[in-house]
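Asks: return atomic coordinates for the entry below.
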Amino acid sequence: MYDLAALETALAGTIFAGKLHFSRTTGSTNTDAVAGGRNGSPHGSMFLSDEQTAGRGRGDHRWQSQAGEGLYVSVLLRPRMMMEDLPVVPLLAGIAAANAVYRGAGLRADLRWPNDLLIGDRKCGGILVESKTEREQVAFVVIGIGINVHQRSFDPDLSTPASSLDLETGRDISRQALLIALLESLQEETLALHDRAILKAVPARIALMSTWLWNRHVEVHGPQACLGTTRGLDPNGFLLVQTDDGLVTVQTGGIRDAKTL
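Replies: Down below sits the predicted model:
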């Protein structure tokens with residue numbers, strides 16, 4: 001279980017200080033954070049749970065969230081940014097999550113566009129970003145992050161094999177230390193949401209951290225389903241895929257390694 005008093009002490013001086021909403025069990029921390037956004041919760045509000053009974057991934061995929069086994073947290077931000085910059089937010093969150101996994105577990109996570117954390121070929125985490133906009137402005141953004149920490153078994157029917165930080169390191173990773181590393185990293189990275197010049201550099205940063213963005217033969221699933229070879233990201237953070245019919249700019253959906261299909 002988390003030591004909430006020690007967590008508050010560790011977060012003193014950050015945007016999350018004094019804004020922790022903890023529940024032993026909830027449906028979804030993202031649902032809680034979105035509700036908080038609509039009800040006036042301030043910038044930096046953090047929604048943390050020990051268990052989710054209806055954890056969600058992108059595309060309404062279910063995220064297994066057993067009690068005490070993973071990190072399930074969503075943060076509410078009220079950045080000064082334009083709607084057109086929203087596609088970069090999951091990428092920025094991915095950088096923060098990968099940095100936290102390295103700080104908290106000593107592992108180098110691969111980033112699979114747009115929102116998956118992998119260790120080797122196994123998924124260990126995911127990101128779900130939701131937002132509310134008003135008159136071409138962003139009213140709030142919710143960044144939800146789930147990371148497998150102590151899990152030992154997974155649904156065998158998952159489209160991507162899964163793993164946990166404990167399994168990958170062979171030791172017991174502290175959820176508390178990982179959470180602190182994640183929130184510190186999120187604070188560092190989300191400063192970019194107020195600066196378009198820094199935001200525009202995010203696609204190039206992701207390209208240095210991901211093996212999926214260049215010369216990878218992938219299947220795109222979703223509304224823009226296709227098969228081809230990745231050719232990086234465009235300035236907006238959308239994935240470029242070279243297909244037999246030409247270059248496709250993938251704005252929504254996900255990718256899998258074609259050789260595993």
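Asks: which element is R231 on?
Replies: Under the criterion of DSSP states H and E, R231 resides in strand 226-233.
Asks: same question for I95.
Replies: Secondary structure assignment for I95, by DSSP H and E: helix 89-105.
Asks: and the strand holding R231 with helix 89-105, angle?
Replies: 80 degrees (axes from the mean of the first three to the mean of the last three Cα atoms, to 10 degrees).
Asks: contacts for the next helix or strand after strand 226-233, please.
Replies: The helix or strand immediately downstream of strand 226-233 is strand 239-243, counting by DSSP H and E. With Cβ atoms under 8 Å, 6 or more residues apart in numbering as the test, strand 239-243 has contacts from 113-114, 213, 218, 220, 226-234, 247-250, 255. From N, CA and C alone the C-beta is placed, and that goes for glycine too.
Asks: let's see it at 6 Å
Replies: 113, 226, 228-232, 234, 248, 250 (Cβ atoms under 6 Å, 6 or more residues apart in numbering).
Asks: looking at those, which is nearest G120?
Replies: W113 (17.0 Å; Cβ to Cβ).
Asks: retrieve the pLDDT associated with that closest one.
Replies: If you check W113, the pLDDT there is 95.
Asks: backbone dihedrals for the residue lying closest to W212 once chain neighbours are set aside, both of them.
Replies: Distances taken as Cβ to Cβ, 6 or more residues apart in numbering place R112 nearest to W212, at 4.9 Å, with adjacent residues excluded. Dihedral pair for R112: phi -100, psi 120, per degrees, to the nearest 10.
Asks: about what we covered before: just give me how far the strand holding R231 sits from the chain centre.
Replies: 21 Å (Cα atoms, centre = their mean, to the nearest Å).
Asks: direction included, what does it pair against?
Replies: strand 214-221 (antiparallel), strand 239-243 (antiparallel) (DSSP bridges).
Asks: in the last one, what's buried?
Replies: Pointing back at strand 239-243 there. Of the residues in strand 239-243, those buried by neighbour count under the rule 16 or more other Cβ atoms under 10 Å are 239-241.
Asks: what's next to the helix or strand following that strand, contact-wise?
Replies: Remark: after strand 239-243, the chain's next helix or strand is strand 246-250, criterion DSSP H and E. Strand 246-250 has contacts (Cβ under 6 Å, 6+ apart) with 220, 224, 226, 234, 238-239, 241.
Asks: repeat for stretch 195-206
Replies: With Cβ under 6 Å, 6+ apart, stretch 195-206 has contacts from 85, 88, 91-92, 192, 233, 237.
Asks: pick the one among these closest to S163.
Replies: L91 (22.4 Å).
Asks: which ones are touching the closest one?
Replies: Taking Cβ under 6 Å, 6+ apart, one finds 202, 206, 237 in contact with L91.
Asks: could you check the pLDDT of it?
Replies: 93.
Asks: likewise for D60?
Replies: 56.
Asks: sorry, back to before: redo the strands paired with strand 226-233 as CSV? Include distance to L71 and mean pLDDT.
Replies: Below are the strands paired with strand 226-233 laid out as CSV (distance: least, Cβ to Cβ, whole Å; pLDDT from 0 to 100):
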stretch, distance to L71, mean pLDDT
strand 214-221, 26, 96
strand 239-243, 26, 97
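Asks: out of the ones you listed, flag the one nearest G44.
Replies: strand 239-243 (30.3 Å).
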